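Trainee: need a 3D model of the following:
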Amino acid sequence: MTGAGRYLVVGFGVTGKAVAAWARAQGAEAVVVEDRPNPASEAAAGELGVEFVGRPSPDRLAELVASADVVVPSPGVPVEHPVFDLAARAGRPVLSEIELACSRLDPHRGLEGHRGLEGHRGLEGHSGGAPRLVAITGTNGKTTVTTLVTAMLCASGVDSIAGGNIGRPLIEAVGEGASVVVAEVSSFQLQFTDRFHPRVSCWLNLTEDHLDWHPGLGHYAAAKARVWARQQAGDTAVYALGDPVVAASAATLAPGVRRIGFALDDPAAAYHVEGDRLCSDEVGAFLDVAELPRALPHDLTNSLAAAAVARAAGAGWDGIAEALRATAPLAHRVQLVGEGAGVAWYDDSKATTPASVLAAVAGFGSVVLIAGGRNKGLDLDALGNTVPPVRAVIAIGESAGEVEAAFEGRAPVVRAASMPEAVESAAGAARPGDAVVLSPGAASFDWYRSYGERGDHFASLVRARPEIGQNETPDPPNDVQKGSR
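Mentor: Okay, the predicted model is just below:
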């Protein structure tokens, strides 16, 4: 034992493996708890030199918690997992991986004060000094904005890398030697932070989500607000001026924190749209809307937010404009996957909340909507507010009944028992000029392992239809891990 602590890592997916590897590199002890053990995971733990405990009994789990200095849950650990109650009873801190990553950025602030971690080592030997941390959260648009900000910084000659909830664990990204680390952070990750301190933060929006984990919207909002809880004079907070919860939280920021608001159609915002141009108070118009690869309402909002964040983090205006022109929309986010017989088909499988569905369909004139899946504890009645432009609905998945109820008296609904049936029903309902949009408003885990798998299946079914043209060029997938430096 080196004084670097003993970590109990709960869950051994991408995040858990990164935390375990980091702990061992610190000379600390690590024990991994995995409720779904398999030989590959156990072998990976052995290679890292950490103890692996699969499906521990309640007594064994209590022993592991009591012997740990810190409990580090992975993002997928459900709220009802007994480890949280055991940690509270034993007085053990529960910290997310992004908290550990932030301590690595600044060895002087580190994890001192957390029981057993007084000897924690910071970013010793980091060749470029501690990188600046930019953190982006919100219910919708986090990945898009994180990707855009990273591209803007790189186009401006600032060595940058994306990490966090975007795919690469933040604790790995901060050790890559980049000048700036741009982190997508979720409410779960923020919930278990104490000293997480980005120099530039951004809260994009707040709508109901993850209420199967958070006990209520207030709890969810409080977790999001932790993105700027530790900011201080000289830091920057970018926020949605038109979101009442976000704006109210921004008003409570510490003295000296620079606040920058963005809004689609409010000239009082520092970043806004005037006519057909994206504008900033600093330089006026910095890009024509027509130059964007796509210009749906949420594309414009995300572009404004990304420009504000990137500029605060050191990007130049030329780099900002270059990245906005060149960065294609990400896969599964209102992605065109086929056209034929006058109908355009879009994969918006990433939309897992009613608010994201509302945003997706707002840019269309007439929509046949495919919606449903596993509800995350949200009120799906809000889906009915998509009428118009939605004029017909195909209800899928476990929540098909809730989707049907949301549109009662507003639009005709057909239930489908599979994705092939949903695509066939949508083709039958569609008219020339319509957009068929898979925008579920719910999670994918009833039928699929991920929203990506759901979207890919939908796209393959669409492209196999005989009326779909063979020479269209749908938006290409965008791998957020490629070219992120």
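
Trainee: geometric centre of the protein: which residue is closest?
Mentor: Centroid check for the chain by CA atoms, centre = their mean gives residue 142 as the closest residue, at 4.6 Å.

Trainee: quick check, that one in contact with residue 205.
Mentor: No. Taking contacts as CB atoms under 8 Å, residue 142 lies outside contact range of residue 205: 9.6 Å. C-beta coordinates here come from the backbone N, C-alpha and C atoms, glycine included.

Trainee: residues in contact with the closest residue to residue 197 other than its chain neighbours?
Mentor: Nearest residue to residue 197 in three dimensions, chain neighbours excluded: residue 230, at 4.1 Å (CB to CB, 6 or more residues apart in numbering). By CB atoms under 8 Å, 6 or more residues apart in numbering, residue 230 lies in contact with 195, 196, 197.

Trainee: give me every residue that touches the closest residue in space to the residue nearest to the centre of the chain that isn't next to it in sequence.
Mentor: Spatial nearest neighbour of residue 142, chain neighbours left out: residue 184 (4.7 Å); criterion: CB to CB, 6+ apart. Residue 184 is in contact with 136, 137, 142, 143, 146, 162, 163, 164, 165, 166, counting by CB under 8 Å, 6+ apart.

Trainee: list the beta-bridge partners for residue 184.
Mentor: residue 136, residue 164 (DSSP bridges).

Trainee: just list the residues touching residue 451, thanks.
Mentor: 332, 349, 350, 352, 440, 443, 444.

Trainee: what about the closest residue in space to the last one that isn't next to it in sequence, neighbour count?
Mentor: To tie it back to what came earlier, the one meant is residue 444. Computed as CB to CB, 6+ apart, the closest residue to residue 444 that is not its neighbour in sequence is residue 454, at 4.3 Å. Burial measure for residue 454: 27 neighbouring residues, criterion other CB atoms under 10 Å.

Trainee: pLDDT of the helix or strand encompassing residue 454, averaged?
Mentor: Using DSSP states H and E, residue 454 sits in helix 451-463. Average pLDDT, helix 451-463: 97.

Trainee: all further residue positions should be reported with the first residue as 47.
Mentor: Okay, using 47 as the starting number, the last item reads as helix 497-509.

Trainee: how about it as CSV, C-alpha atoms only?
Mentor: Coordinates of each C-alpha in helix 497-509 appear next as CSV, following Å, rounded to 0.1, in the frame of the first residue of the first chain:
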residue,chain,number,x,y,z
TYR,A,497,-29.7,3.4,-30.0
GLY,A,498,-27.0,2.9,-32.6
GLU,A,499,-28.0,-0.7,-33.3
ARG,A,500,-31.7,0.5,-33.5
GLY,A,501,-30.8,3.2,-36.0
ASP,A,502,-28.6,0.9,-38.1
HIS,A,503,-31.3,-1.7,-38.4
PHE,A,504,-33.8,1.0,-39.4
ALA,A,505,-31.4,2.4,-42.0
SER,A,506,-30.7,-1.0,-43.5
LEU,A,507,-34.4,-1.7,-43.8
VAL,A,508,-35.0,1.7,-45.5
ARG,A,509,-32.1,1.2,-48.0
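
Trainee: hang on, the earlier thing: for the contacts of residue 230, give me a markdown table that also has distance to residue 344 and pLDDT.
Mentor: Shown next, in a markdown table, are those (distance: CB to CB, whole Å; pLDDT from 0 to 100):
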| residue | distance to residue 344 | pLDDT |
| --- | --- | --- |
| 182 | 15 | 97 |
| 183 | 16 | 95 |
| 188 | 12 | 90 |
| 189 | 13 | 91 |
| 192 | 15 | 96 |
| 208 | 20 | 95 |
| 209 | 23 | 93 |
| 210 | 21 | 89 |
| 211 | 19 | 82 |
| 212 | 18 | 84 |
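
Trainee: tell me the one among the residues you listed nearest to residue 93.
Mentor: Proximity of the contacts of residue 230 to residue 93 (CB to CB) peaks at residue 209, which lies at 22.8 Å.

Trainee: okay, the residue nearest to that closest one when sequence neighbours are not counted: pLDDT?
Mentor: In space, and not counting its chain neighbours, residue 209 is closest to residue 219: 2.7 Å by CB to CB, 6+ apart. Confidence at residue 219, expressed as pLDDT, is 92.

Trainee: how many neighbouring residues does residue 219 have?
Mentor: 24.

Trainee: on that earlier part again, out of the contacts of residue 497, what pair is the most spread apart?
Mentor: Going by CB to CB, the pair spanning these furthest: 378 and 489, at 13.1 Å.

Trainee: ok, these two, which is more surrounded?
Mentor: Shown here are residue 378 and residue 489; by other CB under 10 Å, residue 378 has more neighbours (26 against 22).

Trainee: which pLDDT value goes with residue 314?
Mentor: Reported pLDDT for residue 314: 92.
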